[in-house]
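>>> missing the sequence, but the structure's below:
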């Protein structure tokens, strides 16, 4: 007997038939003798509809009212899921965030879970009852409904698994696991049986939209074994686990890309203390997220070229802010480009293997792909290249690191 | 300064524009110096959508899960309404049933309000805050969401007005008041400025779908002054008040009809003790609601003819049940007809006027309309007639009692 949390995303509960399908999976786990908590998202499209209504009413939201509105989506799903389980003769009841309760911080619409009370859920496990829990929501100290931000149901599921000391947290979604690359680009991409938390974190933040970043952090911090799998097939998915559980580590486990990047270069910036702080401080104050940064001394020896990337949708705002601070900071010209893409290789094996970056650069050079910016972390190397070469680069790197399926 | 409850039904909050329109009405009351609680229904169509989902999942509901699902409709509206008010610079916050709390009985999906805690709402009135309250919902003693049954938002509003000792409860709806007759049938029908609780109760239960019956009972018991009015015009609607407040009482204040009736006659029933109990007991056990009943001794002196009415949609079930008990009870034949309609006149003035029924019967006779069954109460006379004469009868009675507009 194990205690497991099963999480079903929006597409997995998108209509009544799919809710029934998910309920059958829950029943199978119950019949196998497991204690089960089910965490559900809103039916697909529903959160967007509710968010749309709030925007239609007012551009400036009271986040507490926003939370009240959007939390209604998960409320509908838990009731329907509990009914579907009862219809299959499974003992089940629904739980709203405030009923459990799931205590969160007071940052409405972007709350964090502080603490989940589990005594009553565990008592009812003992009576054979399945807990159907609304994802994405909790209760703040003001006694009002709070939500965790988009994608928060993954976080709800992992936090509940941690609080319940569950043996496993199964994330049912519309993909059947985590792949070595986007299968739409790399037809020979392979599903990974296992991946480490650290790698999953890099992949999540790099744009592989399988799990919400915060849920992976939480799983890592509490050692929750996460199983990402499809709600539409019975195949094993991908286990997200601790590094020690993976005996033979690949040098690289995934090749990923982040489109929608834009590059900004400030030419011949006056090279004196405080210049970088002035530039990046102004951008940060405007909530513009700067990703890659490189700085080179120019030939004249007294100025530098400064290159960085921002989200493509933030480029125009970034350029406007730069214009505003130019008189104070000083540079010759600004050059920007939005036809760029960031391609990255990720793998915990890099820590113990040398020559990874070199293999990457050689593979790209062989295809005639010019590297514009490079950044690295302990388990990741990222390069900024022309968007024209996105698919070519991803496929070349996938092959170069031996990831192609046989 | 007054304390008022304003209730907006589904069509009055049917889309974002209508929510804004309702918010402007609330703002006007606030600016007039009033303390305001707003009770809202789900956006029109939303409750039907949610009920449809629960039916799709399972014919046999767990009423607690049903309540969790359908209560989501009002949750969305209160958040949007609070935002709309804030957008108009009105201090407002939303309240769910469990937050106030509105304590109800445990009869999930048909709960009754036991008690509403008002200290916090009143404290916030003192700070100039408008309370936006979810209608139709409360919290049961099991800590779970309960709902009051369809149309329950009227009841929520009146119960809140009673608990707050409000000066007035304004029910905003898609009609502009209570009429002397259905204006679609009687073009010269008049809007009533005032009507008594008793008359409104008779009209509500007779099918004039302006107010939910239970809300009228509650208003009568607690002396809540209810004002039924249109959310789409500024005209005065109809005040539902105590009998003493109406100085000059009309003999008849309304002519109404109930379509969808069916008549059943059992000919030559054995006339011995216990026969009526056997027949109506069997129908009651099958949840078939019997309305009018008349019994006549037949010519033979040893049997009776028994005639009664049931809802037209229950006729076939009623006939089946009668067939089942025929061997025990005994009668010669069953005759049924579903082409009948019940037409009624209502007025508290009947108590002090004589000859009302006579005026009614004469008016119908003059038009050649045959009366099949008659029932009376203190403030109502009802007749069952052929459905063919529905419009003619209503118009004739409207004229006979002097209700036609000049």
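Noted; the coordinates are in hand. Owing to the predicted nature of the structure, the values given are computational and were not obtained by experimental measurement. Residues are numbered from 1 along each chain as shown, chains lettered A, B, ... in the order given.
>>> which ones are touching residue A:22?
Applying CB atoms under 8 Å, 6 or more residues apart in numbering or on different chains, we find residue A:22 in contact with A:8, A:12-13, A:38, A:40, A:81, A:84, A:172, A:231. For the C-beta atoms, the positions are set from N, CA and C on the backbone; glycine is no exception.
>>> which non-adjacent residue is nearest it?
With sequence-adjacent residues excluded and distances taken as CB to CB, 6 or more residues apart in numbering or on different chains, residue A:22 is closest to residue A:8, at 4.7 Å.
>>> what's across from the one you found in the sheet?
When assigned by DSSP bridges, residue A:8 has beta-bridge partners residue A:40, residue A:172.
>>> How much space separates it from chain B?
From residue A:8 across to chain B, the span is 15 Å (CB to the nearest CB, to the nearest Å).
>>> ok so, going back, same list, the contacts of residue A:22, but as a markdown table with neighbour count and pLDDT please.
A markdown table is the format used below for the contacts of residue A:22 (neighbours: other CB atoms under 10 Å in any protein chain shown; pLDDT from 0 to 100):
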| residue | neighbour count | pLDDT |
| --- | --- | --- |
| A:8 | 29 | 97 |
| A:12 | 24 | 95 |
| A:13 | 30 | 97 |
| A:38 | 32 | 98 |
| A:40 | 32 | 98 |
| A:81 | 28 | 98 |
| A:84 | 28 | 98 |
| A:172 | 26 | 95 |
| A:231 | 22 | 91 |
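>>> Kindly state the domain boundaries assigned to chain A.
A:3-174, A:255-400 (automatic domain parsing).
>>> Flag every residue of chain A that's near chain B.
Counting by CB under 8 Å from any CB of the partner chain, chain A comes close to chain B at A:16, A:19-20, A:50, A:53-54, A:56-58, A:60-62, A:64-69, A:71-73, A:75-76, A:78-80, A:82-84, A:86-87, A:93-94, A:96, A:98-99, A:143-145.
>>> Buried subset of those residues as a ChimeraX selection?
This is how ChimeraX selects the buried members of the residues of chain A next to chain B, with burial counted by 16 or more other CB atoms under 10 Å in any protein chain shown:
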select /A:16,19,20,50,53,54,56,57,58,61,62,64,65,66,67,68,69,71,72,73,75,76,78,79,80,82,83,84,86,87,93,94,96,98,99,144,145
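>>> before we move on, back to that, closest one of the contacts of residue A:22 to residue B:395?
Checking the contacts of residue A:22 against residue B:395 with CB to CB, the nearest one is residue A:84 at 52.1 Å.
>>> Verify the stated contact: the closest one with residue B:54.
No - contact criterion CB atoms under 8 Å: residue A:84 and residue B:54 do not qualify, at 10.2 Å.
>>> Where does the prediction get shaky in chain A?
Residue ranges of chain A with pLDDT under 70: A:206-208, A:247.
>>> Name the residue most distant from the centre of it?
Residue farthest from the centre of chain A, counting by CA atoms, centre = their mean, is residue A:300 at 43.2 Å.
>>> which ones are touching that residue?
residue A:268.
>>> In which helix or strand does it reside?
Using DSSP states H and E, residue A:300 sits within no helix or strand.
>>> re the thing from before, among the residues of chain A next to chain B, which ones are in helices?
Using DSSP state H, the subset of the residues of chain A next to chain B located in helices is A:16, A:19-20, A:50, A:53-54, A:56-57, A:64-69, A:72-73, A:75-76, A:78-80, A:82-84, A:86-87.
>>> residues touching the closest residue to residue A:12 other than its chain neighbours, list them.
Excluding the flanking residues, the one nearest residue A:12 by CB to CB, 6+ apart is residue A:231, at 3.8 Å. Applying CB under 8 Å, 6+ apart, we find residue A:231 in contact with A:8-9, A:11-12, A:18, A:21-22, A:25, A:172-174.
>>> Try it again at 7 Å.
Contacts of residue A:231 were listed using CB atoms under 7 Å, 6 or more residues apart in numbering or on different chains, and they are A:8, A:12, A:21-22, A:25, A:172-173.
>>> need these in JSON lines with distance to residue B:157, can you?
As requested, the contacts of residue A:231 are exported to JSON lines (distance: CB to CB, whole Å):
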{"residue": "A:8", "distance to residue B:157": "37"}
{"residue": "A:12", "distance to residue B:157": "39"}
{"residue": "A:21", "distance to residue B:157": "41"}
{"residue": "A:22", "distance to residue B:157": "38"}
{"residue": "A:25", "distance to residue B:157": "43"}
{"residue": "A:172", "distance to residue B:157": "42"}
{"residue": "A:173", "distance to residue B:157": "43"}
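>>> quick one: which of the residues you listed is nearest to residue B:326?
Closest approach between the contacts of residue A:231 and residue B:326, by CB to CB: residue A:21, at 48.7 Å.
>>> Any buried residues in the longest strand seen in chain A, and which?
For chain A, the strand with the greatest residue count under DSSP state E is strand A:254-270. Neighbour counts over strand A:254-270 (16+ other CB under 10 Å) mark A:254-258, A:261-266, A:268-269 as buried.
>>> outside of stretch A:38-45, which residues touch it?
A:5-11, A:13-14, A:26, A:73-74, A:76-78, A:81, A:130, A:132-136, A:153, A:156-157, A:160.
>>> how about 8 Å then?
By CB under 8 Å, 6+ apart, stretch A:38-45 touches A:5-15, A:22, A:26, A:47, A:50, A:70, A:73-74, A:76-78, A:81, A:85, A:92, A:130-136, A:153, A:156-157, A:160.
>>> What subset of those residues is buried?
Applying 16+ other CB under 10 Å to the contacts of stretch A:38-45 flags A:5-14, A:22, A:26, A:47, A:50, A:70, A:73-74, A:76-78, A:81, A:85, A:92, A:130-136, A:153, A:156-157, A:160 as buried.
>>> Could I get the full set of helices for the stretch 101-250 of chain A?
Assigned by DSSP state H, counting those that start in this stretch, the helices in the stretch 101-250 of chain A fall at A:119-126, A:152-163, A:197-205, A:213-222.
>>> that older thread, the residue nearest to residue A:22 reaches residue A:174, doesn't it?
No - in this structure, residue A:8 is not within contact of residue A:174 by CB under 8 Å, at 10.4 Å.
>>> So residue A:210 sits against residue A:174, correct?
No - using CB under 8 Å, residue A:210 makes no contact with residue A:174, being 10.0 Å away.
>>> Looking at those two, which has the bigger crowd around it?
Shown here are residue A:210 and residue A:174; by other CB atoms under 10 Å in any protein chain shown, residue A:210 has more neighbours (21 against 14).
>>> ok, the more buried one - contacts?
A:173, A:175, A:178, A:200, A:203-204, A:228.
>>> That one and residue A:175, how far apart?
Look at residue A:210 and residue A:175: by CB to CB, to the nearest Å, they are 6 Å apart.
>>> Spit out the residues that contact these two alike.
Counting by CB under 8 Å, 6+ apart, the residues touching both residue A:210 and residue A:175 are residue A:228.
>>> and residue A:368, backbone torsions?
Torsion angles at residue A:368 (phi, psi; degrees, to the nearest 10) stand at phi 70, psi 30.
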